[in-house]
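Chemist: Predicted model and sequence follow; I will ask about them next.
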Amino acid sequence: MAGHEIPEPADRKQVADPMSGPQAVEETRHSCDPAFRHGVVVGFDGSTSSERALAYAIGMARRSGSGLIIVHVANRLPTTVWAGCEPPVFVDVPDHRTEVLGLELACADYLSEVPWVLVERGGDICHELEEVGREYSADAIVVGSTHGIVGRIFGSVAGRLARRAQRPVVVIP
């Protein structure tokens, strides 16, 4: 079929724009479900304090008619612990806890009242909770308080998040 051209479909979307810069790539990387925009972000790791925070966040989301974004921050350990290298390089450690938490949450009756999504992240807990809050334009971030000597020595996640967050932070005792 020499000389025959195949026409471009009218509804074809361009995959990459050669004139677009890194900004366009950054915007598409952080897309999230619009049903959860202006929702309530809650940090959850299965501990007693995070369960109390989840219960409060469910009520908050139900009263405001918004979605619930449950965030589990997986473990990331510095490779300096293993390799003895100078720069703080982080390596992801397989964390099956998110899968277990997801199954527990999927079977929970108390979550049937609100739409929810489980988001897994890796890194610093405060940074990741704030980042998810920014991505979803969350109305608030709910976290449980830290009890014990570790929180007193190194500072609690709730305290650090309350000092640096760009949106309201609710700390549940």
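Modeler: Sure, I can see it. Note that the structure is predicted; figures quoted are calculated from it, not measured. Residues are numbered from 1 along each chain as shown.
Chemist: Would you map the strands across the chain?
Modeler: In the chain, the strands defined using DSSP state E lie at 40-43, 68-74, 76-78, 90-92, 116-122, 140-144, 169-172.
Chemist: which of those sits most buried?
Modeler: Among these, strand 40-43 has the highest mean neighbour count (mean count of other CB atoms under 10 Å), at a mean of 28. (Glycine included, C-beta is placed from N, CA and C.)
Chemist: List the pairing partners of that one within its sheet, with orientation.
Modeler: Within its sheet, strand 40-43 is paired with strand 68-74 (parallel), strand 140-144 (parallel), according to DSSP bridges.
Chemist: could you give the mean pLDDT of it?
Modeler: Taken as a whole, strand 40-43 has an average pLDDT of 96.
Chemist: what about stretch 130-146, how long is it end to end?
Modeler: Chord length of stretch 130-146, first to last residue, is 18 Å (CA to CA, to the nearest Å).
Chemist: Could I get the buried residue list for it?
Modeler: Neighbour-count burial for stretch 130-146, counted by 16 or more other CB atoms under 10 Å, picks out 130-133, 135-136, 138-144, 146.
Chemist: Could you list the low-pLDDT ranges of the protein?
Modeler: Scanning the chain for pLDDT under 70 picks out the ranges 1-32, 75-96, 147-155.
Chemist: which helix of it spans the most residues?
Modeler: Scanning the chain for the longest helix, with DSSP state H as the assignment, gives helix 48-64.
Chemist: Show me what that helix packs onto, helices and strands only.
Modeler: strand 40-43, strand 68-74, strand 140-144, strand 169-172 (3 or more CB pairs under 8 Å, 6 or more residues apart in numbering; DSSP states H and E).
Chemist: for the last one, packing partners?
Modeler: Read it as strand 169-172. Using 3+ CB pairs under 8 Å, 6+ apart: strand 169-172 touches helix 48-64, strand 140-144, helix 157-164.
Chemist: now with 10 Å?
Modeler: When contacts are defined as 3 or more CB pairs under 10 Å, 6 or more residues apart in numbering; DSSP states H and E, strand 169-172 packs onto strand 40-43, helix 48-64, helix 125-135, strand 140-144, helix 157-164.
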